[in-house]
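S.K.: Structure of the sequence below:
(one chain, ligands or ions: 1)
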Amino acid sequence: MSTNPTIGVFALQGDVREHLRVLTDLGVNTLPVRRAAELDRCDALILPGGESTTMYKLARIFDLFEPLRERIRSGMPAFGTCAGMIMLADRIEDGAKDQETLGGLDITVRRNAFGRQVASFEGDIDFDGFAQPVHAVFIRAPWVEAVGTGVQILATVKVGEASGRIVAVQQGSLVATSFHPEIEGDNRIHRYFVDLVLKS
Ligand code: GLN
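M.R.: Here you go, the predicted model:
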């Protein structure tokens, strides 16, 4: 990977601006990705939080779904937050009818696992390798129901009814979180991903 990679942000739906801002703050070249030609210019990609069913439909309409799948299959690093985690999961529980994912991560995610809008919450969680906890915001978030053998668990919920649930994972250069580091004013997880991109 070049020392100056371009990390795109899937921009057909979701909290695109927040991710673009964090990447810009970290001094990373970035661009919103709506078309395959824009994806071609990227060394890595972030899939934002939003609504995974809408992301899926729009990616199909804009002929971005297959190119994305292909890039992920051929090793492009990617980071998904919330809906983006769902997009990167190989398997989905409680998906909408006919909803497909890009896949890549050998995980099963449960969509809206924490409940509907009212069940959104925030809390501090330990993130593998970080000295200080991460303040995590969950908004109609998925959790990871099951992981394959090659998947590393980076964070689990420590308190409340969801205690023990997996909310951050990594497999090679694919990373996903159930929560939204892009809206927390804490750039550490993005930096973690950028470091991964530089190493890949
Ligand atoms: N519930 C949303 C979905 O299924 C994800 C919510 C989010 O990204 N904040 O896509």
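
S.K.: which element is the residue nearest to V28 when sequence neighbours are not counted on?
M.R.: The shortest distance from V28 to any non-neighbouring residue, by Cβ to Cβ, 6 or more residues apart in numbering, is to I7 (5.4 Å). Every residue, glycine included, has its C-beta placed from N, CA and C. Remark: I7 resides in strand 6-10, with elements defined by DSSP states H and E.

S.K.: does H19 count as helix, strand or coil?
M.R.: helix (DSSP: H, G, I helix; E, B strand; the rest coil).

S.K.: Let me know whether S173 touches S200 as I believe.
M.R.: Yes: look at S173 against S200 with Cβ atoms under 8 Å: they come within range, at 4.5 Å.

S.K.: Mutual contacts of the two, please.
M.R.: A44, G75, P77 (Cβ atoms under 8 Å, 6 or more residues apart in numbering).

S.K.: Can you tell me the centre-most residue of this protein?
M.R.: Computing the C-alpha centroid of the chain and ranking residues by Cα atoms, centre = their mean puts G80 first, at 0.9 Å.

S.K.: Output the residue ranges of the strands in this protein, listed in chain order.
M.R.: For the chain, strands defined by DSSP state E occupy the ranges 6-10, 29-33, 44-47, 78-81, 89-93, 105-110, 121-125, 134-138, 143-147, 152-156, 166-171, 174-177.

S.K.: Mind checking if the last one is in reach of the ligand?
M.R.: By that I understand strand 174-177. No: for a cut-off given as Cβ under 6 Å from any ligand atom, strand 174-177 has no contacts with the ligand; the smallest distance is 10.4 Å.

S.K.: Can you spell out which helices and strands pack onto that strand?
M.R.: strand 78-81, helix 83-88, strand 105-110, strand 152-156, strand 166-171, helix 188-199 (3 or more Cβ pairs under 8 Å, 6 or more residues apart in numbering; DSSP states H and E).

S.K.: Can you report how many residues lie near G129?
M.R.: 8 (other Cβ atoms under 10 Å).

S.K.: likewise S52?
M.R.: S52, neighbours per other Cβ under 10 Å, totals 30.

S.K.: Distance of it relative to G129?
M.R.: 27 Å (Cβ to Cβ, to the nearest Å).

S.K.: Give the other helices and strands that the worst-scoring helix or strand of the chain on mean pLDDT contacts.
M.R.: The weakest-scoring helix or strand in the chain, judged by mean pLDDT, DSSP states H and E, is strand 121-125 (a mean of 88). The helices and strands touching strand 121-125, judged by 3+ Cβ pairs under 8 Å, 6+ apart, are strand 134-138.

S.K.: Buried residues of the strand it packs on, list them for me.
M.R.: V134, A136, V137, F138 (16 or more other Cβ atoms under 10 Å).

S.K.: got a list of what the first one touches?
M.R.: Put plainly, it is V134. Counted by Cβ under 8 Å, 6+ apart, V134 has contacts D124, I125, D126, F127, A155, F179, P181, E184, D186, R188, I189.

S.K.: can you pull up the bridge partners for the fifth one?
M.R.: On DSSP bridges, the residues paired with A155 through beta bridges are A168.

S.K.: what's next to stretch 185-193, contact-wise?
M.R.: 7, 19, 22-23, 25-26, 44, 46, 77, 79, 127, 129-130, 134-135, 168, 175, 177, 181-182.
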